[in-house]
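>>> heads up, no residue letters with this:
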């Protein structure tokens, strides 16, 4: 990695500095000797979100190692995990771990955001007793009925 100087930003090397930052990262030595590193904001967001989620994940896993019935407070940032049974919690945690890895390797925060949003949304549905019963209750043959395919109408 090339080390740029502050004076490079005012001169012809500014474009080279910015292009290198876009490709991977670019280092800049300030006049006081400190070194600053520049890279794309999406990469920083991915790393910050992955780090925050890993911290929450470790905390939640420590709680779940002690008890099968955690409280939302004990689970902290992943409080919504309390809505699930142990099997669903294990599945959620596995998907979160995979999303963290994908987020870090792709340097894109979207895989992690999508997984967290999907599981939090599912937890919100499960929080409602009626919705929970629909999703987890027994299935009867009468729940399934034949339907006709949609037919085009003249008034459309």
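Everything's here; your move. The structure presented is a predicted model; accordingly, all values stated were derived computationally and were not measured.

>>> give me the pLDDT value at residue 123.
pLDDT for residue 123: 93.

>>> quick check, it in contact with residue 84.
Yes. Using Cβ atoms under 8 Å, residue 123 makes contact with residue 84 at a distance of 6.8 Å. C-beta coordinates here come from the backbone N, C-alpha and C atoms, glycine included.

>>> give me the mean pLDDT for the longest helix along the chain.
Ranked by number of residues, the top helix in the chain under DSSP state H is helix 41-66. The average pLDDT for helix 41-66 rounds to 94.

>>> what's the following helix or strand after it?
Per DSSP states H and E, the first helix or strand lying C-terminal to helix 41-66 is helix 72-75.

>>> helix or strand next in line after that following helix, which one?
Sequence-wise, the next helix or strand downstream of helix 72-75 (DSSP H and E) is helix 86-106.

>>> other SSEs contacting the longest helix of the chain?
The elements that helix 41-66 packs onto, with contact taken as 3 or more Cβ pairs under 8 Å, 6 or more residues apart in numbering; DSSP states H and E, are helix 72-75, helix 86-106, helix 110-127.

>>> let me have those helices in TSV, adding distance to residue 20 as columns.
Below are the helices and strands packed on helix 41-66 laid out as TSV (distance: least, Cβ to Cβ, whole Å):
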stretch	distance to residue 20
helix 72-75	42
helix 86-106	20
helix 110-127	25
